[in-house]
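In: coords please:
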Amino acid sequence: PYEPLPPTVKFYYNGREMKLSEETEEIATFYARMLDHDYTTKAAFNNNFFQDWRENMTESERAKITDLSKCNFKEMHAYFLQKTEERKAMTKEEKQKIKEKNEEVQKEYGFCSIDGHTEKIGNFKIEPPGLFRGRGEHPKMGKLKKRVVPEDVLINCSKGSNVSKPPAGHKWKEVRHDSNVTWLASWTENIQGQVKYVMLNPSSKLKGEKDWQKYETARKLAQSIDKIRAEYREDWKSKEMRIRQRAVALYFIDKLALRAGNEKDEDQADTVGCCSLRVEHITLHEHRDGKEY
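Out: Numbers count the residues shown, from 1 in each chain. Just a heads-up that it's a prediction; the model follows:
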């Protein structure tokens, strides 16, 4: 749950102090924490934040707060900087107490039992609410990542097991028993509609077996790599454009370790892979490293 700011930490709009509702204040703190970050200088980030922030305001707040440039988050920002410095200045004993508390939480929630073996869980904490950043110049940067509540979460466990109880007054979205998947819980995040998972730790037996299978595939590939390279180089001379294009794509994947890549919608980050490269991404050099091409 959100812990409200001390009454001494004020928010100002158009030079005047303004008391915010709890939900509006919480979202304001997400922005205030990032005041010294490059993101808050970007128009897309600011526009997306302000739009989502206003949608979560009370009617009276929405009527008053109409311009982000008139909002003053400086006291909030200073408060969080002070908190950061206080954490840095903690004594060894204080840090040890926090460490012990975190270890207790991990003991309770950070392990599961699979086929009679106790296995460590990787990400047993659900992401907290905040502002979405994304990769590169993501068009949705600044949008509000909403708080995930138990009603959003699917639990996956074996039949007859003790299902973790949700917080009082809440219930899980669903409890299922699917032994064909390795995730333990899942939910759909609100920005891009992607499903997020609670998975096993990489050190777990099941995860290790999956990784082992990947490495075995890589070992098999290593036995044929010289043949593959010879074939795609030969295909550069093909009379068919399709075959020449495929050969160049294989060369890029081989030499630059590129992912294959896929088409993206306009509201997704414009990151590219081999098959979604555009002319603007490639620079051909007539001279390079003392050689002529």
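In: the helices in this protein, which residues?
Out: 22-32, 43-55, 59-64, 74-88, 92-109, 205-235, 241-256 (DSSP state H).
In: Using TSV, please lay out the ones you listed together with distance to D115 and mean pLDDT.
Out: (Each C-beta comes from the backbone N, C-alpha and C, glycine too.) Formatted as TSV, those follow (distance: least, CB to CB, whole Å; pLDDT from 0 to 100):
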stretch	distance to D115	mean pLDDT
helix 22-32	42	98
helix 43-55	44	97
helix 59-64	53	97
helix 74-88	41	96
helix 92-109	20	94
helix 205-235	8	90
helix 241-256	37	92
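In: ok, so what distance separates D67 from L200?
Out: D67 is 48 Å from L200, where distance means CB to CB, to the nearest Å.
In: How far off centre is stretch 149-165?
Out: 23 Å (CA atoms, centre = their mean, to the nearest Å).
In: Over to stretch 56-73?
Out: With CA atoms, centre = their mean, you get 28 Å for stretch 56-73.
In: So for that stretch, first residue to last residue, what's the gap.
Out: Taking CA to CA, to the nearest Å as the measure, stretch 56-73 stretches 17 Å from start to finish.
In: residues of it that come out buried?
Out: The neighbour-count check on stretch 56-73 (16 or more other CB atoms under 10 Å) flags 57, 61, 65, 68, 71-73 as buried.
In: And for stretch 125-141?
Out: Neighbour-count burial for stretch 125-141 [16+ other CB under 10 Å]: 130-132, 134, 138-141.
In: Select, out of the helices of the chain, the one closest to E119.
Out: helix 205-235 (6.6 Å; CB to CB).
In: Can you spell out which helices and strands pack onto the closest one?
Out: With contacts taken as 3 or more CB pairs under 8 Å, 6 or more residues apart in numbering; DSSP states H and E, helix 205-235 sits against strand 117-120, helix 241-256.
In: can the ones you listed go into a markdown table with extra columns for distance to K10 and mean neighbour count?
Out: Below are those laid out as a markdown table (distance: least, CB to CB, whole Å; neighbours: other CB atoms under 10 Å):
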| stretch | distance to K10 | mean neighbour count |
| --- | --- | --- |
| strand 117-120 | 44 | 13 |
| helix 241-256 | 52 | 14 |
